[in-house]
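J.: all I have is the shape, not the residue letters:
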């Protein structure tokens, strides 16, 4: 199966890169852009059925892919 | 005493740390490779600065899963002394040996300068040779040195006197302008609740000889040595619950 994992800075955690991108968008005339947060997108091919994969992916996120002190994660599983 | 200096793929300051300990302090040093399971009987472990595993994923995130780190986590839990400098501090946070995390500098720039830091606690195995509120001049060189933690953790760090170093101005005041990287509460270094694990962003190993502009960093290593040679406890006996 294919999994898409999204890792994002927790609300309230300083995200200077997101702020810099927001500033750049504003200077390009996109004044309507707000609250830019820069995260990570990870693709993984995983063996197993959908039920197994969900549990294993959650383990992967907690142990390695995201740091729970500063980041949230979510994932999607497809074929 | 015997020091252990760890080398991960991408470590940068392992040689300088070993040099400072061997040549300046005159102590024997064991070089520990990331694949080592044995710590070869060292008394204090130094996790050096650098870019372990290319800083891939997050700084320190991959070094945490090496065989040597598994042994260091056990060593620390048994009361062994561990110092993490810069990338070593990041590895300690990722390993769960220290609370909080280090994220991208507030200004996004890589910083390479000398900064004043104030000694907040002399009651640790790593700082007993300094004076309370003494201002040290130490080099910093990092892109991810902004210390963050949730409000409850920050309060616990303050209440339990675990903040060891703060960025200050030349007059010793922890102002916003004196904060180079946006670290919450100007935090530059902390210890764990048991006080035997110390992480700091500045580089004391680069500040042990007058030739390099400052000898202010040697006191951390001398303090650890004094703690062990005088048989002082390396960790506090009782740790408050939740820490």
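T.: It's in. For clarity, every value in this text was computed on a predicted model and none was experimentally measured.

J.: so residue B:32 touches residue B:8, yeah?
T.: No - at 9.8 Å, residue B:32 does not count as touching residue B:8 under the criterion of CB atoms under 8 Å. Where C-beta positions appear, they are placed from N, C-alpha and C, glycine not excepted.

J.: so the residue positioned nearest the centre of chain B: helix, strand or coil?
T.: The centre of chain B sits closest to residue B:199, judged by CA atoms, centre = their mean, with a distance of 2.6 Å. Put simply, residue B:199 is strand when judged by DSSP: H, G, I helix; E, B strand; the rest coil.

J.: that one contacts residue B:94, correct?
T.: No - between residue B:199 and residue B:94 no contact is recorded; they are 10.7 Å apart, counting by CB under 8 Å.

J.: so where do the strands sit in chain A?
T.: A:2-9, A:40-45, A:71-78 (DSSP state E).

J.: ok, back up a step: what's the distance between the residue nearest to the centre of chain B and chain A?
T.: 14 Å (CB to the nearest CB, to the nearest Å).

J.: any buried residues in stretch B:10-24, and which?
T.: B:10-14, B:16-21, B:24 (16 or more other CB atoms under 10 Å in any protein chain shown).

J.: nearest to chain A, of these?
T.: residue B:10 (17.3 Å; CB to the nearest CB).

J.: so what's that closest one up against?
T.: Residues in contact with residue B:10 (CB atoms under 8 Å, 6 or more residues apart in numbering or on different chains) are B:50-55.

J.: contacting residues for the spatially most distant residue from the centre of chain A?
T.: Relative to the C-alpha centroid of chain A, counting by CA atoms, centre = their mean, residue A:29 is the outermost residue, at 26.5 Å. Not one residue lies near residue A:29 by CB under 8 Å, 6+ apart.

J.: give me the residue from chain B nearest chain A.
T.: Across chain B, the shortest distance to chain A (CB to the nearest CB) belongs to residue B:101, at 4.3 Å.

J.: residue B:15: what secondary structure?
T.: Residue B:15 ends up helix, using three-state DSSP.

J.: what's the spacing between it and residue B:46?
T.: 12 Å (CB to CB, to the nearest Å).

J.: now swap in residue A:59 and tell me
T.: 32 Å.

J.: these two - which one has more neighbours?
T.: residue B:46 (28 against 11; other CB atoms under 10 Å in any protein chain shown).

J.: confirm the more buried one sits in a strand?
T.: Yes - Residue B:46: assigned to a strand according to three-state DSSP.

J.: wait, it touches residue B:83, no?
T.: Yes - with contact defined as CB under 8 Å, residue B:46 reaches residue B:83; the gap is 5.1 Å.

J.: just give me the neighbour total for residue B:35.
T.: Residue B:35: 9 neighbours (other CB under 10 Å).

J.: scan the contacts of residue B:10 and report the most crowded one.
T.: When neighbours are counted by other CB under 10 Å, residue B:52 leads these with 30 neighbours.

J.: surely that residue meets residue B:61?
T.: No - with contacts defined as CB under 8 Å, residue B:52 does not count as touching residue B:61, sitting 9.1 Å away.

J.: ok so, going back, looking at the residue farthest from the centre of chain A now. What's its pLDDT?
T.: At residue A:29, the model reports a pLDDT of 97.
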